[in-house]
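Peer 1: would you be able to build a 3D model of this:
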Amino acid sequence: MVWSTCELLIFQQCFLNTTIKSRRYHGFSQTFYISLSFNCKLILVYSLIGSFGMNDRLLAKIHQKLEVLSEKTKHIRSNMEEESTTIIMTSLSILSTSHLTNLTHTILSISHHHRRRLAAVLSSPTLFSLTLHHLLSLSLPQKTLLIATHLLSLLHPLLLHRNHHNLPSSAAKMKLRDLDAVVLLLFLCETHQLDPDVLEASADNWREILGNMCSDNMLNSISGLWTCDAGILMPYIETLVRCKRFVDIMRNHNHLGLGVGKEGYEIPAARAAVVALRAVEVSNAAGEVECVICKEEMSEGRDVCEMPCQHLFHWKCILPWLSKRNTCPFCRFQLPTDDVFSEIQRLWEILVKTSELDVA
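Peer 2: Model (predicted):
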C-alpha cells in the first residue's frame with residue numbers, strides 16, 4: 001500500500017499515540033475519510049470500536065467493506081492532487097524564460113538547503129535523537145502547522161516575480177529545529193512510500209538505515225535528472241502538491257483543534273506589510289479624491305497611504321482598518337497576513353487566478 005504524506009501522518013497519530021480517545025475522531029466528514037488509504041481507515045475504525053471488543057467475523061466484514069469503499073474513492077484523492085498540479089504547471093507555463101530560470105535557481109538553492117539539513121540530522125546521533133523526539137512529541141494539529149509553514153515557504157518562490165503579491169510576511173519563517181523536523185518527517189514519508197518495510201525495523205536503527213538511503217538519493221540526484229531544470233522542478237512540485245493536499249484536508253476539519261479561520265473570517269494584515277505601505281502626496285489633477293473609509297475628501301498635497309492596488313486612504317483611517325482585516329476597503333485586494341493558513345489561501349488564490357486567466 002502506497003501512503004501519501006497525509007496518510008502516514010494520520011497513521012502516526014492513530015498508531016503511535018496510545019493516549020488517543022475515540023471521541024477525537026467523532027464527526028469525521030466524508031472529505032477527510034476519502035483522503036485516507038484503506039489501512040488508515042481500518043485503524044480509525046479500530047480506534048472507535050476497539051474498546052467494545054470484536055470477533056474475527058465482524059472484523060472480516062469491516063475489512064471487506066472498507067476495501068470496497070477505498071477503491072471507490074481512490075480517484076477522488078487522485079483528482080485532488082491532479083487539480084493542484086495543473087494549477088502550478090499552468091502558472092509556470094506563462095513565465096518568461098528569465099523568470100523561469102530565476103525560479104529554478106531559487107528552488108535549487110532551497111532544495112540544497114533542505115538536503116543539507118537532512119544530512120546533518122542523519123549524520124549526528126544526538127541531533128537525530130532530538131529531532132525525532134521533537135517530531136513524535138507534536139500533536140496532529142502541531143504537525144499540521146509544521147507542514148503548513150513548510151508549504152508556505154515552498155509557495156513563496158512561485159510568486160517572487162509578481163511584484164506586490166509577495167509583500168513581507170513573517171508567517172513562512174521557521175526555526176531551525178522545526179525545519180529539521182519537517183524535512184525528517186517528509187523523508188520518513190518518502191521512505192515509507194518506496195519501501196514500507198524499512199520502518200518496521202527498531203527505531204534505534206532508523207538513523208543508519210535512513211542515512212544510507214539519503215546518501216544513495218543524493219548520489220543519484222547528482223548524476224541524474226537534477227542536472228536539468230525538469231529534474232529540479234519535479235520534486236519541488238510533487239512535495240508542494242502533497243503538502244497542499246494534507247493542509248487542505250486538515251483545514252476543513254477545525255474540530256481537530258486547529259486554530260484555523262473559516263472562509264470569510266477576518267484576519268489582520270501582516271505588520272511588515274503595513275510598514276511597507278507607501279506614503280504619497282495627493283494630487284487632485286484627476287478630480288476630487290475621497291477616502292472611502294471616512295467618506296471625506298483628501299486634501300491636495302497631503303501625505304496619504306497608497307495600497308499596492310493604488311487606492312488611497314487617510315493613514316488615520318487605514319491603519320485601524322488593517323489592524324482587523326487584510327483587505328483593501330475599496331477593491332478587497334489582500335495584503336499578506338501573519339496567519340499561516342490564511343496566507344496559504346491568499347497565495348493559492350493568486351495562482352488559481354493566474355491559471356484561469358491563462359486558460360481564458
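
Peer 1: how far away is residue 119 from residue 337?
Peer 2: Per C-beta to C-beta, to the nearest Å, residue 119 is found 34 Å from residue 337. Any C-beta I mention is one placed from the backbone N, CA and C, and that applies to glycine too.

Peer 1: with neighbour numbers in mind, choose between those two.
Peer 2: In this view residue 119 and residue 337 are compared by other C-beta atoms under 10 Å, and residue 337 has more residues nearby, 24 against 15.

Peer 1: and that one, what element?
Peer 2: Using DSSP states H and E, residue 337 is not contained in any helix or strand.

Peer 1: just to check, it is in contact with residue 272?
Peer 2: No - between residue 337 and residue 272 there is no contact under C-beta atoms under 8 Å: 10.5 Å.

Peer 1: which element is residue 207 on?
Peer 2: helix 206-223.

Peer 1: so where do the helices sit in the stretch 151-300 of the chain?
Peer 2: 176-194, 206-223, 229-251, 271-275 (DSSP state H, counting those that start in this stretch).

Peer 1: between these, which gets nearest to residue 156?
Peer 2: Residue 156 lies closest to helix 229-251 among those, at 10.9 Å (C-beta to C-beta).

Peer 1: check which residues of that closest one are buried.
Peer 2: Under the neighbour-count criterion of 16 or more other C-beta atoms under 10 Å, helix 229-251 has 229, 232-233, 236-237, 239-251 buried.

Peer 1: pLDDT on that helix, on average?
Peer 2: When pLDDT is averaged along helix 229-251, the result is 82.

Peer 1: show me what contacts residue 155?
Peer 2: When contacts are counted by C-beta atoms under 8 Å, 6 or more residues apart in numbering, residue 155 touches 240, 344, 347, 348, 351.

Peer 1: please tell me how far the closest residue to residue 213 other than its chain neighbours sits from residue 316.
Peer 2: Nearest residue to residue 213, sequence neighbours excluded (C-beta to C-beta, 6 or more residues apart in numbering): residue 191, at 6.1 Å. Distance, residue 191 to residue 316, using C-beta to C-beta: 56 Å.

Peer 1: neighbour count: those two, which is higher?
Peer 2: Shown here are residue 191 and residue 316; by other C-beta under 10 Å, residue 191 has more neighbours (19 against 12).

Peer 1: does that one touch residue 198 like I think?
Peer 2: Yes - Residue 191 lies in contact with residue 198 (C-beta under 8 Å); the separation is 5.5 Å.

Peer 1: and for those two, which residues touch both?
Peer 2: Shared contacts of residue 191 and residue 198 (C-beta under 8 Å, 6+ apart): residue 213.

Peer 1: the helix holding residue 207 - contacts with which helices or strands?
Peer 2: Helix 206-223 is packed against helix 97-123, helix 125-137, helix 176-194, with contacts defined by 3 or more C-beta pairs under 8 Å, 6 or more residues apart in numbering; DSSP states H and E.

Peer 1: repeat that with 7 Å
Peer 2: Judged by 3 or more C-beta pairs under 7 Å, 6 or more residues apart in numbering; DSSP states H and E, the packing partners of helix 206-223 are helix 97-123, helix 176-194.

Peer 1: how about these, which one is nearest residue 150?
Peer 2: Of all the helices and strands packed on helix 206-223, it is helix 176-194 that lies closest to residue 150, at 4.6 Å by C-beta to C-beta.

Peer 1: pull the closest one out as PDB, backbone CA atoms only.
Peer 2: Extracted in PDB, the C-alpha atoms of helix 176-194 (Å, rounded to 0.1, in the frame of the first residue of the first chain):
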ATOM      1  CA  LEU A 176      15.900  25.500  12.600                       C
ATOM      2  CA  ARG A 177      14.500  22.800  14.900                       C
ATOM      3  CA  ASP A 178      11.200  22.900  13.100                       C
ATOM      4  CA  LEU A 179      12.900  22.800   9.700                       C
ATOM      5  CA  ASP A 180      14.900  19.800  10.700                       C
ATOM      6  CA  ALA A 181      11.700  18.100  12.000                       C
ATOM      7  CA  VAL A 182       9.700  18.700   8.800                       C
ATOM      8  CA  VAL A 183      12.500  17.600   6.400                       C
ATOM      9  CA  LEU A 184      12.900  14.400   8.500                       C
ATOM     10  CA  LEU A 185       9.100  13.800   8.500                       C
ATOM     11  CA  LEU A 186       8.900  14.200   4.700                       C
ATOM     12  CA  PHE A 187      11.800  11.900   4.300                       C
ATOM     13  CA  LEU A 188      10.100   9.300   6.500                       C
ATOM     14  CA  CYS A 189       7.000   9.600   4.400                       C
ATOM     15  CA  GLU A 190       9.100   9.200   1.200                       C
ATOM     16  CA  THR A 191      10.900   6.200   2.600                       C
ATOM     17  CA  HIS A 192       7.600   4.600   3.600                       C
ATOM     18  CA  GLN A 193       6.300   5.000   0.100                       C
ATOM     19  CA  LEU A 194       9.400   3.500  -1.500                       C
END
